[in-house]
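Participant: no sequence for this one, just the structure:
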């Protein structure tokens, strides 16, 4: 196990050069005093695209985030090729009726977050281009407008409908398009960060596949195979290892392009990513080479999704990240959904003790969504939510005992 004393001393040394997380926000004076008394650790909450439907919902979300002891909100605005903001590139999300709802969720979320002294990062699912049991009805949606941009297997078949249908990052035009989508957000809104999710090959088995079926070795469309052949002189069958490395390099190219765009558009913006719980496994299975991204300085923080219930597995993953000696914050993701307060409280405690930073998945695990009249939607999980609020959130109001590695100045 990594020596805890050495980790703490490393954190103290690095913090001398760090800046507080909230320094980029316009803070409401009535929140400023309490924020100054908090430590610089990141305490983030993922807010999904199903957690709000109105400006009133968004304001209530931000009230709850601030009251819960969090200082960073990861606010989802892109799920699968549709938007929760005014976009010239992608249609409005079906969750908002597939049309302009009469308000801009991201603009309102940014304003409401900053009023409460919160840092807000626009959360985007990068690779997913559609999700549904049937194709979208909107002809502009990527699934209809650019079928050649999606994954195809060796027999020319697209991914089965029912879960995420994914864009192919091996194609240069797809990478250019995704950078343009991210630029709309970065250039158009005063967000503090851009938070990338599904920035990998989402090639794990899901219920869209037949029981017992294996996931095809995506993508095997002729153009991707031609690009691989041009760059390596080989086919996937001639070098499976090189085929895997090449796909990983295409994801890294996309991250690099997004990073360069962010630096040109808004140098103060923080670029972060939700990543696999163990970096080596994520690289091997999903072509997500986060170690390379960090070595190249492409990210300002990583959010490992350490969602295992088993405490030994959870601790091993904490130690793996702490042992990497990173110069950016490691914000450990903890699963709150339908978990016991005792388990979650201990995992949060260990995350803050080891890496100082923590992110909770997700908002609806702690707070009810609201109906069209603004009333909380009570259900069987409401008792669990209340228990988590009472049993876990008070600890977030207590600062960690040592300085944390915070976001660096650009």
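Facilitator: Structure received. Everything numeric in this text was worked out from a predicted model, so none of it was measured.

Participant: what's the neighbour count on residue 307?
Facilitator: When neighbours are defined as other CB atoms under 10 Å, residue 307 has 17 of them. C-beta coordinates here come from the backbone N, C-alpha and C atoms, glycine included.

Participant: Now do the same contact list for it.
Facilitator: Contacts for residue 307 (CB atoms under 8 Å, 6 or more residues apart in numbering) come out as 277, 333, 334, 335, 361.

Participant: Which ones among these lie within strands?
Facilitator: Among these, the subset assigned to strands under DSSP state E consists of 333, 334, 335, 361.

Participant: Could you report the pLDDT at the residue nearest to residue 116 when sequence neighbours are not counted?
Facilitator: Sequence neighbours aside, residue 66 is the residue nearest to residue 116 in space, at 4.3 Å (criterion: CB to CB, 6 or more residues apart in numbering). In this model, residue 66 is scored at 98, pLDDT.

Participant: start at 53 instead
Facilitator: Right, with 53 as the first residue, what we last looked at is residue 118.

Participant: residue boundaries of the helices in the protein?
Facilitator: 56-67, 81-88, 107-119, 157-167, 194-197, 224-240, 274-284, 292-317, 331-338, 342-347, 363-374, 393-406, 434-443, 445-448 (DSSP state H).

Participant: any idea which of those is most buried?
Facilitator: With neighbours defined as mean count of other CB atoms under 10 Å, those peak in mean count at helix 157-167, which reaches a mean of 22.

Participant: most neighbours, which of the ones in strands among the contacts of residue 359?
Facilitator: residue 385 (25 neighbours).

Participant: Identify the residues contacting that residue.
Facilitator: 326, 355, 356, 357, 358, 359, 410, 411, 412, 413.

Participant: Kindly report the same for residue 414.
Facilitator: So residue 414 contacts 97, 98, 99, 100, 103, 388, 389 (CB under 8 Å, 6+ apart).

Participant: Now do the second one against residue 391, distance only.
Facilitator: Meaning residue 98. For residue 98, the distance to residue 391 equals 15 Å [CB to CB, to the nearest Å].

Participant: Could you check which of those two is surrounded by more residues?
Facilitator: residue 98 (26 against 19).

Participant: Cross-check the contact I'm expecting between the more buried one and residue 124.
Facilitator: No: the pair residue 98 / residue 124 is not scored as a contact, 10.0 Å apart, by CB atoms under 8 Å.

Participant: right, and residue 171 touches residue 247 too?
Facilitator: No: the criterion here is CB under 8 Å, and residue 171 misses it with residue 247 at 10.8 Å.

Participant: Who has more neighbours out of these two?
Facilitator: residue 247 (27 against 24).
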